[in-house]
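**Q** Okay, here's the prediction I keep looking at, along with the sequence it came from:
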Amino acid sequence: MVDVTPADAVPPAEVGEVELYHPHSWWTKYVFSQDAKVIAIQYSATATSIGLVALVLSWLMRLQLGFPGTFDFITPEAYYQFITVHGMIMVIYLLTALFLGGFGNYLIPLMVGARDMVFPYVNMLSYWIYLLAVLVLVSSFFAPGGPTGAGWTLYPPQAIMSGTPGGQDWGIILMLSSLILFIIGFTMGGLNYVVTVLQGRTRGMTLMRLPLTVWGIFTATVMALLAFPALFVACVMMLLDRMLGTSFFMPAIVEMGEQLQHNGGSPILFQHLFWFFGHPEVYIVALPAFGIVSDLISTHARKNIFGYRMMVWAIIAIGALSFVVWAHHMYVSGMNPYFGFFFATTTLIIAVPTAIKVYNWVLTLWRGDIHLTIPMLFALAFIVTFVNGGLTGLFLGNVVVDVPLSDTMFVVAHFHMVMGVAPILVIFGAIYHWYPKVTGRLLDETLGRFHFWVTFVGAYLIFFPMHYLGLMGVPRRYAELTDMTIMTESAHHLNSFISIMAFIVGFAQMVFLFNLIWSIRHGREAGGNPWRATTLEWQTPQTPPAHGNFGKELPIVYRWAYDYSVPGAKEDFIPQNVPGAFAPSREPA
Amino acid sequence: MSVILVFLAVIAGFAGWWLSHQRLMAKPWLEQGMAGDYVGFDRSALPTAKIGLGVFLAVVGCLFSLFTSAYFMRMGLSDWRPLPLPRLLWLNTGVLVLSSVALQCAVIAARRGQIDMARLGLATAGLTALAFLAGQLMAWRQLTEDGYLLASNPANSFFYLITAMHGLHILGGLIGLGRTSASAWSGARPQRLSLSVELCAMYWHFLLFVWLCIFAVLAGWAATFIDICRQLLT
């Protein structure tokens, strides 16, 4: 049953070496680079920069919520603009871009044993269009009227009416244009990630030998390619409604005593299109996180991942199911109750493969040789946070529970836990894990532990109380909560407390950024494989990997990615490109 | 949203078929070494560029399915007044079919290494595609002259929007076709040229298919067809 072939029986490559583009000047090497690793760093740096803007915006929101009436410059209009741009940046320009554009670009070619992405030129274009999208978004801060304040869901009709900040100014136009650009850019990148996994794999790297990180990013990219067109369609149609007076989404409406020229459009149509993108988007962010966290746990617990096949199937199942749950975001839109029943059912079904993944992570840890390195800490924090956020998701997936809670802070707490904090924790863990490969040096350990504990505990202190506020009935989306009977004195105190915690957690991120920059020069030398990991990116001849990744010869893969603590092996890990047989690491038949 | 769900079901079918050939039941923790029988599963024998284009066409198909979904949902509302399609669209359809046929001829010629025939096919395809675009613009002009303006009715809005999207895709294809033609005239390697021409043809046939679908939708036949199906079912 152990299938062993001697190492010399390597079949010849079916596909010859790719013609690799070689840069000739500084510009084509570092700026207009076609090397996926450089593009990955460009993506990550841009996403982090725009993420900082979103972080500051969240501080401004918390200033208003925690200490209402104290800061004159935070008008209700400004508050809505902060909410909108914060949400939009975090979900799309930071998380999606960082997971797929950043980690996808860096890890896919290295992990599957390719020299580069299959279409490097298109890959480069993808980054530059993404950058343009970010710049268009930023420019809306300087446009007359400021950015749009329509909420990150941009629901019509309010999104394009004069009562909403940016609705009749430039704000909404720039927002929609920026999204359209982002989607075009992403599609270019996404084609690369998918086709590289399909066609770029080195010899011996079957699909079932791929590290789960690649499975997660691959499936998420396929989903994104199919889901983003829905946002594209919604954006184009809303842009026409706003600029050329069509009535796709705009019903007949009277504004300031004046009948607008729109007539008969359907705001619900927009909601369908938006959430047809919006719900898969949750998993577009979550699946790469699932994949990465599986690899972090396995590597740092020195144990093979439990139930690899189940993990792969669960990723595929979640990807497929996430396309038939979108209307659970629309329970309060007045839709047919039978639809609500259908979507509640599918929503609860999706909890099954997700739960399988959680069990498998826990069982991987079980009796593992757990090293509490910083990546491991973040991975553990992710599991806890994801379970927490997921459980409130089960609440909200039920129509009867969702309807009263839908407009409260409970929802804010839920989605921040499950798709804000949880994926961000994975991103941090992944950065601590792969930073040595990117720079050749480890991040500073003390600063890292400080960053972890403040972020993890702080995030709980921010979002856990929010659940209680929500259950009390404190509404979300309100700029002013002062004169409401719901807002008892203790609720106000809780809000101030949350705000102070938000500033502290934000400050910890500055420490992290300092660590990122400082360690490039001053970090401890890492060597090629500091975590003693099995996957191919740690087996490159140079660290950081040179152009072309693997030197003269591409590696050949002889085993799966999780041969840790194999009985009979000399070391407690066997890299994927090491030939030879050992006793099977586990024995379930 | 039924159109897009049907489209995604088709995609899921493809994905499922492909995955079923990938030995997802394998137990990788038991399989070490470089056994010959895994190698066949490494990658497809198709050229990478073709697979890339295939994935891209799935995205394009997704986009048009979503437009169609939105079209059907908006159509159900009370203010919908269908617009009479200009007869010119029939001519345009014919021209686009011609373009696809010419490109298919170019593919056959390029495979046989008949470079002159390939050039002829490419040039014809390019010119007819341009003629199609010009025809679409003329159809737009006829409609606006008859008073069917973009914003006056959602049926008009959708007509302009969907034809414009399709036209933009043709325009994008023309850039690719232009590059292919340039390499055909500058004497590229026959094998390479053959691949580029095949890619163009694949894109062209797909856009022709999309056009036929949206033509059926815009003309209302698709709605009639769905109605008939619905009546048969109930």
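**A** Nice, I can see it.

**Q** Next, B:Gly187: secondary structure please.
**A** coil (DSSP: H, G, I helix; E, B strand; the rest coil).

**Q** Count residues in the vicinity of it, would you?
**A** B:Gly187 sits with 9 neighbouring residues when counted by other Cβ atoms under 10 Å in any protein chain shown. Where C-beta positions appear, they are placed from N, C-alpha and C, glycine not excepted.

**Q** Quick check: it vs chain A, distance?
**A** 19 Å (Cβ to the nearest Cβ, to the nearest Å).

**Q** Can you give me the pLDDT of that residue?
**A** The model reports B:Gly187 with a pLDDT of 76.

**Q** That one: what's it in contact with?
**A** Residues counted as contacts of B:Gly187 (Cβ atoms under 8 Å, 6 or more residues apart in numbering or on different chains) are B:Ile115.

**Q** cool, and A:Met90?
**A** A:Gly51, A:Ala54, A:Gly420.

**Q** pretty sure the second one is touching A:Val91, no?
**A** So the one you mean is A:Ala54. No - the pair A:Ala54 / A:Val91 is not scored as a contact, 9.5 Å apart, by Cβ atoms under 8 Å.

**Q** which regions of the chain sit below the pLDDT cut-off?
**A** Reading this off chain A. Scanning chain A for pLDDT under 70 picks out the ranges A:1-19, A:581-589.

**Q** wait, chain B
**A** Scanning chain B for pLDDT under 70 picks out the ranges B:34-43.

**Q** at 80 what do you get?
**A** B:31-45, B:187-188, B:190, B:234 (pLDDT under 80).

**Q** Which parts of it are helices?
**A** B:2-20, B:36-39, B:48-75, B:88-112, B:115-145, B:154-185, B:190-219, B:221-233 (DSSP state H).

**Q** How far away from the center of its chain is the last one?
**A** What that stands for is helix B:221-233. 24 Å (Cα atoms, centre = their mean, to the nearest Å).

**Q** Give the buried residues for it.
**A** The neighbour-count check on helix B:221-233 (16 or more other Cβ atoms under 10 Å in any protein chain shown) flags B:Ala222, B:Ala223 as buried.

**Q** cool, and the fifth one?
**A** Of all the residues in helix B:115-145, those buried under the rule 16+ other Cβ under 10 Å are B:115, B:118-119, B:121-126, B:128-129, B:131-133, B:135-136, B:139-140, B:143.

**Q** what do you get for the first one?
**A** For helix B:2-20, the neighbour count (16+ other Cβ under 10 Å) marks B:Val3, B:Ile4, B:Phe7, B:Leu8, B:Ile11, B:Ala12, B:Ala15 as buried.

**Q** Let's have those residues in TSV, adding distance to chain A.
**A** Converted to TSV, the buried residues of helix B:2-20 look like this (distance: Cβ to the nearest Cβ, whole Å):
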residue	distance to chain A
B:Val3	12
B:Ile4	7
B:Phe7	9
B:Leu8	6
B:Ile11	7
B:Ala12	6
B:Ala15	8
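
**Q** Nearest to A:Met175 among the residues you listed?
**A** Nearest to A:Met175 among the buried residues of helix B:2-20 is B:Ile4, at 23.8 Å by Cβ to Cβ.

**Q** what's the closest one in contact with, if anything?
**A** Going by Cβ under 8 Å, 6+ apart, B:Ile4 touches A:Ala230, A:Phe276, B:Cys62, B:Ser65, B:Leu66, B:Thr68, B:Ser69.

**Q** Would you quantify the distance from the last one to chain A?
**A** Which is B:Ser69. Distance, B:Ser69 to chain A, using Cβ to the nearest Cβ: 8 Å.

**Q** That residue: neighbour count?
**A** By other Cβ under 10 Å, the residues close to B:Ser69 number 23.

**Q** measure it to B:Pro82 for me?
**A** According to Cβ to Cβ, to the nearest Å, B:Ser69 stands 18 Å off from B:Pro82.

**Q** re the thing from before, mind telling me the two of the buried residues of helix B:2-20 farthest from one another?
**A** Largest separation among the buried residues of helix B:2-20 by Cβ to Cβ: B:Val3 and B:Ala15, giving 18.7 Å.

**Q** number of nearby residues for whichever residue of the stretch 451-589 of chain A sits closest to chain B?
**A** Of the residues in the stretch 451-589 of chain A, the one nearest chain B is A:Trp560, at a distance of 3.7 Å by Cβ to the nearest Cβ. Residue neighbour count, defined by other Cβ under 10 Å, stands at 27 for A:Trp560.

**Q** How about the contacts made by it?
**A** Here A:Trp560 is in contact with A:Met208, A:Arg209, A:Tyr308, A:Gln576, B:Pro28, B:Trp29, B:Glu31 (Cβ under 8 Å, 6+ apart).

**Q** could these be laid out in JSON lines, adding neighbour count and distance to A:Met237?
**A** Below are the contacts of A:Trp560 laid out as JSON lines (neighbours: other Cβ atoms under 10 Å in any protein chain shown; distance: Cβ to Cβ, whole Å):
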{"residue": "A:Met208", "neighbour count": "21", "distance to A:Met237": "42"}
{"residue": "A:Arg209", "neighbour count": "22", "distance to A:Met237": "44"}
{"residue": "A:Tyr308", "neighbour count": "26", "distance to A:Met237": "43"}
{"residue": "A:Gln576", "neighbour count": "27", "distance to A:Met237": "47"}
{"residue": "B:Pro28", "neighbour count": "22", "distance to A:Met237": "46"}
{"residue": "B:Trp29", "neighbour count": "21", "distance to A:Met237": "50"}
{"residue": "B:Glu31", "neighbour count": "22", "distance to A:Met237": "50"}
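
**Q** How about the contacts made by the residue nearest to A:Pro555 when sequence neighbours are not counted?
**A** Spatial nearest neighbour of A:Pro555, excluding adjacent residues (Cβ to Cβ, 6 or more residues apart in numbering or on different chains): A:Asn577 at 4.0 Å. For A:Asn577, the contact set (Cβ under 8 Å, 6+ apart) comprises A:Gly113, A:Leu536, A:Gln539, A:Pro555, A:Ile556, A:Val557, A:Tyr558.

**Q** Tell me how far A:Asn577 lies from A:Met111.
**A** 12 Å.

**Q** Let me know the closest of the contacts of A:Met90 to A:Met484.
**A** Distances from A:Met484 to the contacts of A:Met90, taken by Cβ to Cβ, are shortest for A:Gly420, at 25.6 Å.

**Q** Any chance of the backbone angles for the closest one?
**A** The phi and psi torsions at A:Gly420 (degrees, to the nearest 10) take the values phi -100, psi -70.

**Q** so who does it touch?
**A** Counting by Cβ under 8 Å, 6+ apart, A:Gly420 touches A:Met90.

**Q** and what of B:Ser78?
**A** By Cβ under 8 Å, 6+ apart, the contact list for B:Ser78 reads A:Gly264.

**Q** Quick check: the gap between it and A:Phe99.
**A** Distance from B:Ser78 to A:Phe99, by Cβ to Cβ: 44 Å.

**Q** follow-up on the earlier one: so where does the residue of the stretch 451-589 of chain A closest to chain B fall, helix or strand?
**A** Using DSSP states H and E, A:Trp560 sits within no helix or strand.

**Q** which one is it nearest to, not counting chain neighbours?
**A** Spatial nearest neighbour of A:Trp560, chain neighbours left out: B:Pro28 (3.7 Å); criterion: Cβ to Cβ, 6+ apart.

**Q** That neighbour contacts A:Arg209, doesn't it?
**A** Yes - taking contacts as Cβ under 8 Å, B:Pro28 lies within contact range of A:Arg209: 5.3 Å.

**Q** Which neighbours do those two have in common?
**A** A:Arg559, A:Trp560.

**Q** Contact residues of the stretch 251-400 of chain A facing chain B?
**A** A:261, A:263-266, A:269, A:272-273, A:276, A:304, A:308-309, A:312-313, A:316, A:320, A:323-324 (Cβ under 8 Å from any Cβ of the partner chain).

**Q** how about 10 Å then?
**A** Counting by Cβ under 10 Å from any Cβ of the partner chain, the stretch 251-400 of chain A comes close to chain B at A:251-252, A:261-266, A:268-270, A:272-273, A:276-277, A:304-305, A:308-309, A:312-313, A:316, A:319-320, A:323-324, A:326-327.
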